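*Asks:* need coordinates for the following:
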Amino acid sequence: MAVLATGNRGEALDLVQEAIYKPVRHYAHRSESEWAPLLYRILQTAIRDW
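*Replies:* Numbers count the residues shown, from 1 in each chain. Coordinates of the predicted model:
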């Protein structure tokens, strides 16, 4: 998703890494079943902001 949006593998990997780091830092107390939707939402926002 990120590679298609950015057209650049390096930029896409940076966005994905940032998207993974945020839930770990802010949502560690939530159940694992909530993480996937959070990750996709954060990644979509990061791509939009990029």
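
*Asks:* can we go C-alpha only for contacts and neighbour counts from here?
*Replies:* Fine.

*Asks:* what's the closest non-adjacent residue to the residue nearest the centre of the chain?
*Replies:* Closest to where the C-alpha atoms of the chain average out (CA atoms, centre = their mean) is A19, at 2.6 Å. Nearest residue to A19, sequence neighbours excluded (CA to CA, 6 or more residues apart in numbering): L43, at 5.1 Å.

*Asks:* for that neighbour, list the residues it contacts.
*Replies:* A2, L15, V16, A19 (CA atoms under 8 Å, 6 or more residues apart in numbering).

*Asks:* out of those residues, which are inside helices?
*Replies:* A2, L15, V16, A19 (DSSP state H).

*Asks:* buried subset of the contacts of L43?
*Replies:* By neighbour count, with 16 or more other CA atoms under 10 Å, these hold A2, L15, V16, A19 as buried.

*Asks:* show the contacting residues for the first one.
*Replies:* The contact partners of A2, by CA under 8 Å, 6+ apart, come to A12, L13, L15, V16, L43, I47.

*Asks:* what's the separation between the residue sitting furthest away from the middle of the chain and W35?
*Replies:* Of all residues in the chain, H29 has its C-alpha farthest from the mean position, at 17.8 Å, by CA atoms, centre = their mean. From H29 across to W35, the span is 10 Å (CA to CA, to the nearest Å).

*Asks:* now swap in R9 and tell me
*Replies:* 24 Å.

*Asks:* compare the two (neighbour count), which wins?
*Replies:* Set R9 next to W35 and count neighbours by other CA atoms under 10 Å: W35 wins out with 16 against 13.
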